[in-house]
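Colleague: this one's sequence-less:
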Ligand SMILES: Nc1ccn([C@@H]2O[C@H](COP(=O)(O)O)[C@@H](O)[C@H]2O)c(=O)n1
Ligand SMILES: C[C@@]1(CO)OP(=O)(O)OP(=O)(O)OC[C@H]1O
């Protein structure tokens, strides 16, 4: 049986922190606040994968009260979630991420972000889609108070399903 999952995350924009999105350090005058590296893109992707298999959420697997995850590299957390997916007998069919960010311009970084995620998932970059939009100055994203990401993931059983 194919399994679909969705994930959503928001992190607050602050100065003095790096901006890491999709495992990529993005040049910016601000970063995101979080217990981990606050990679809002990977957090949405992990929650979508966990949701597809009803395995809870990232807060359950990586509690923000646990010092082990202080400034954690979310790529490592993603690799752990991918291992859980494999153990359950599933693999990524495709995923689609929408990043809501007023700035910076993410288009120049999207290919590297897709490659990072595909590398962690052991899949082709064509199976990973990342898109970005502004909020046209509206709301907390439009005021540059935060960045949000939404992900939808489709998982397929490891055996008997083509990736096409
Ligand atoms: N942080 C962002 C936001 C948007 N883009 C790209 O610009 C296009 C137009 O954005 P609108 O919000 O005006 O629709 C969008 O389709 C993206 O290609 C971006 O690179 N980074
Ligand atoms: C990733 C984790 C890891 O402690 O930390 P945060 O950076 O706080 O991210 P958030 O999406 O708020 O919560 C999930 C946590 O599991």
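Modeller: Structure received. Worth saying up front: this structure is predicted, and the values here are computed from it rather than measured. Ligands and ions are numbered 1, 2, ... in the order given.
Colleague: so where does the closest residue to residue 45 other than its chain neighbours fall, helix or strand?
Modeller: Counting by CB to CB, 6 or more residues apart in numbering, residue 45 lies nearest to residue 151, which is 4.7 Å off, once chain neighbours are set aside. (Glycine included, C-beta is placed from N, CA and C.) For residue 151, the element it lies in under DSSP states H and E is strand 146-157.
Colleague: Residue 98 too?
Modeller: With DSSP H and E as criterion, residue 98 is part of strand 90-100.
Colleague: Pull out the buried residues from the strand holding residue 151.
Modeller: Within strand 146-157, the residues scored as buried using 16 or more other CB atoms under 10 Å are 146-156.
Colleague: And the furthest pair within the residues you listed?
Modeller: The distance between the two most remote of the buried residues of strand 146-157 (CB to CB) is 33.2 Å, for 146 and 156.
Colleague: Find the closest residue to ligand 2 in this structure.
Modeller: Nearest to ligand 2, among the residues of the chain, is residue 34, at 2.8 Å (CB to the nearest ligand atom).
Colleague: what lines up beside the strand holding residue 151 in the sheet?
Modeller: strand 3-14 (antiparallel), strand 90-100 (antiparallel) (DSSP bridges).
Colleague: one step back: give me the element the residue of the chain closest to ligand 2 is part of.
Modeller: Counting by DSSP H and E, residue 34 is part of no helix or strand.
Colleague: Ok, residue 20 next?
Modeller: strand 19-21.
Colleague: Just give me how far that strand sits from the chain centre.
Modeller: 11 Å (CA atoms, centre = their mean, to the nearest Å).
Colleague: Residue 123 contacts residue 91, doesn't it?
Modeller: Yes - with contacts counted by CB atoms under 8 Å, residue 123 reaches residue 91, the gap being 7.3 Å.
Colleague: Name the residues of this protein found near ligand 1, please.
Modeller: Within the chain, the positions lying close to ligand 1 (CB under 6 Å from any ligand atom) are 101, 105-107, 132-134.
Colleague: So residue 133 is in contact with residue 105, correct?
Modeller: No - with contact defined as CB under 8 Å, residue 133 does not reach residue 105; the gap is 11.5 Å.
Colleague: Many thanks, have a good one.
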